[in-house]
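Enquirer: have a look; sequence and predicted model below, questions after that.
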Amino acid sequence: MKFTWVECRPNCRGWVSAVGIVTSDTPKDFEDFARGRQLGGATLVLDSSGGSVNDSITLGRRFRGLGMLTTVGISVVNHTQQGDRTSIAPEAFCESMCVYLLLSGTARYVPPTAHVRVHQIWMGDRADDAKAASYTAQDLTIVERDIGRLAKYTFDMGGAGDLLALSLNVPPWEDLHELTPAELRLTNVVTTDRVADVLPRNDPSGAVAAIKSKSLQDRFVNVEAETDTTARSTKTAEATAAVAPAPPGKE
């Protein structure tokens, strides 16, 4: 996952763009990005197909510790004669473990045209052909362990058990389930219908001022997705398997 600070002018604080898959390197990458920046209460804009379960949990707890706000979108910079203008395209995806990163926000907004999708945790190295793959008792133990960790995280973040139920009902050989507006509310993934609650403007003193949603609506622009939105189904909630030592004479 790549993190970028996006400047927002004239009266917006800016936001953190988070794009890509969460790997074992991502928590450290975020710490490197955060060093020297004042990210307390900042907005995190997500466009991700998920990734490692445990690293996503670590990252989500870090976001919550910073009091970050979360939403889904693609950061866009338009170069004009008057200077660069930044906006957020809502035709973005937050899938698999990304949904749990979204859940880490103290306030959470999902644009109507964004796609928030869930599915089961699975062994990452066998998700592509899950039915044909073989599994050991240790594999099942790893998956159940990570489901337990994810359940605790979900409740710690204020999410509902319905989110876990919807996720765990979708095996890796089926299409991801896209959460409906009603399900986003039921699971408590969404806490607000106001974009202004996650993209506040700054008052002259630097304090966050309350504003009407309409005054920030132009920060979200409608664009056509570059890919077929029905085809993207990556299934990347990866349980972390223990690495067995190589047999003698092999690497």
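Expert: The structure has been received and is ready for your questions. Quick caveat, the model's predicted, so the values are computed rather than measured.
Enquirer: switch to C-alpha atoms for all contacts and neighbour counts from now on
Expert: OK.
Enquirer: which stretches of the stretch 51-200 of the chain form strands?
Expert: For the stretch 51-200 of the chain, the strands defined by DSSP state E, counting those that start in this stretch cover 69-72, 74-80, 83-89, 93-95, 108-109, 115-118, 122-123, 177-178.
Enquirer: so which elements touch the first one?
Expert: Meaning strand 69-72. Under the contact criterion of 3 or more CA pairs under 8 Å, 6 or more residues apart in numbering; DSSP states H and E, strand 69-72 touches strand 43-47, helix 98-102, strand 108-109.
Enquirer: wait, which of these is closest to residue 128?
Expert: Relative to residue 128, the nearest member of those by CA to CA is helix 98-102, separated by 19.0 Å.
Enquirer: need the strands of the stretch 51-200 of the chain in CSV (columns: mean pLDDT, mean neighbour count and distance to residue 137).
Expert: Output for the strands of the stretch 51-200 of the chain, formatted as CSV (pLDDT from 0 to 100; neighbours: other CA atoms under 10 Å; distance: least, CA to CA, whole Å):
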stretch, mean pLDDT, mean neighbour count, distance to residue 137
strand 69-72, 97, 28, 37
strand 74-80, 82, 15, 41
strand 83-89, 80, 17, 44
strand 93-95, 96, 28, 28
strand 108-109, 98, 25, 38
strand 115-118, 97, 26, 25
strand 122-123, 84, 24, 13
strand 177-178, 96, 18, 28
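Enquirer: how about these in a markdown table, adding distance to residue 18?
Expert: Below are the strands of the stretch 51-200 of the chain laid out as a markdown table (distance: least, CA to CA, whole Å):
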| stretch | distance to residue 18 |
| --- | --- |
| strand 69-72 | 9 |
| strand 74-80 | 9 |
| strand 83-89 | 12 |
| strand 93-95 | 11 |
| strand 108-109 | 15 |
| strand 115-118 | 15 |
| strand 122-123 | 23 |
| strand 177-178 | 20 |
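Enquirer: closest one to residue 45 among these?
Expert: Closest of the strands of the stretch 51-200 of the chain to residue 45 is strand 69-72, at 5.1 Å (criterion: CA to CA).
Enquirer: starting from the closest one, tell me which strands it pairs with and how they run.
Expert: strand 43-47 (parallel), strand 108-109 (parallel) (DSSP bridges).
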